[in-house]
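>>> Pasted the sequence and its predicted model underneath.
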Amino acid sequence: MFKFFFKRILMVIPTFIAITFITFALVHFIPGDPVEIMMGERGLTPEIHQQMMHQLGLNLPLHEQYFHYIAKVLQGDFGASFRTQQPVLTEFFTLFPATAELAFFALFWSLLGGVILGTIAAVKKDSWISHTVTAASLTGYSMPIFWWGLILILYVSPQLGLPQGGRLDNGFWIDTPTGFMLIDSWLSGMPGAFENAIKSLILPAIVLGTVPLAIITRMTRSAMLEVLGEDYIRTAKAKGLSYTRIVIVHALRNALIPVVTVVGLIVGQLLSGAVLTETIFSWPGIGKWIIDAIQARDYPVLQGSVLIIATIIIVVNLTVDLLYGVVNPRIRH
């Protein structure tokens, strides 16, 4: 067991190093001069430009900038934003609750719906229900996030009276000590604030969770079909157990093992999909923050945000990998 855990943890180190290098290289290959974007072209003399480049450390060769960056990261310093001069970590963890709240509810409904639909499609194999669920999951997986979001804003939002953007309507002014709007609106005691926060979350969560829903549905269906053909399922039927008990207690529990692994991969997809979703719905999270940083060529924000998100994804997948080894001992060998 210890050897299995140790090997998995060691595999994280080269992954982390590769992420830092690729992120640094890609960020610096983005066209545009960050000093010109910050200062504007008017009134920017060569002397001021050179001074700012020196102040920001952008006048050094790329390899020196990279090693300086790694040295600071190892000390827990991700730099400061070129635009706001605020530490990247401070800005990230100020905005992260908004993204975490959105990602959690997107994962919740996609996991719940995916397991239910996948199970039904497997139980009703070769029926019109199974074919409909399969076709719908394929459509959901192929659907572009930006198109789906615009469709919901244009046609669903007016019909159901749901907010088209933001975490809370402008008519509500509440303190946000935790950063999680559902919790803060509930604690505020302001009439209608909690209900409005829930309504504001519905459309973005649907858009962000559509692709994970399709993946979990297809994975659950495949796993359930495999499990339902096992010998112990036939034995349970021969013992006279009810079909509902066989499906829920015996089949579904074992079919969820590969689904757990997929959930670890989906976390990364949720965080990457949040970039588009938050931009479409004006959701003030890290996705919109990253888009603004790209437009401003804010190197520290881009490098720091990608590295932190990648670290979160690595930790989640490592945890899932270790748990999978615990649940299924064959993986350890």
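Received, thanks.
>>> remind me which residues of the protein are low pLDDT?
Scanning the chain for pLDDT under 70 picks out the ranges 1-2, 4-5, 32-33, 37-44, 324-333.
>>> Quick test: name the residue nearest the centre of it.
residue 271 (2.0 Å; C-alpha atoms, centre = their mean).
>>> right, and that one touches residue 99 too?
Yes. Judged on C-beta atoms under 8 Å, residue 271 makes contact with residue 99 at a distance of 7.1 Å. Backbone N, C-alpha and C define where each C-beta goes, glycine included.
>>> Common neighbours of these two, please.
residue 286 (C-beta atoms under 8 Å, 6 or more residues apart in numbering).
>>> buried sites along the helix or strand in which residue 314 is found?
Per DSSP states H and E: residue 314 is located in helix 299-327. For helix 299-327, a neighbour-count test (16 or more other C-beta atoms under 10 Å) marks 299-310, 313-314, 316-318, 320-322, 324-325 as buried.
>>> repeat for stretch 119-128
119, 120, 121, 122, 123.
>>> Is the second one in a helix, a strand, or coil?
The one in question is residue 120. Following DSSP: H, G, I helix; E, B strand; the rest coil, residue 120 is assigned to helix.
>>> quick one: it from residue 261, how far?
22 Å (C-beta to C-beta, to the nearest Å).
>>> Surely residue 232 and residue 253 touch.
No. Residue 232 is not in contact with residue 253 according to C-beta under 8 Å; the separation is 11.8 Å.
>>> thinking again about what came up before, and whichever helix or strand the residue nearest to the centre of the chain is part of, what other elements does it pack with?
Using DSSP H and E, residue 271 sits in helix 253-280. Judged by 3 or more C-beta pairs under 8 Å, 6 or more residues apart in numbering; DSSP states H and E, helix 253-280 is in contact with helix 88-123, helix 145-151, helix 193-228, helix 286-296, helix 299-327.
>>> what's the closest of those helices to residue 18?
Minimum separation from residue 18 across the helices and strands packed on helix 253-280 (C-beta to C-beta) falls at helix 299-327, 9.7 Å.
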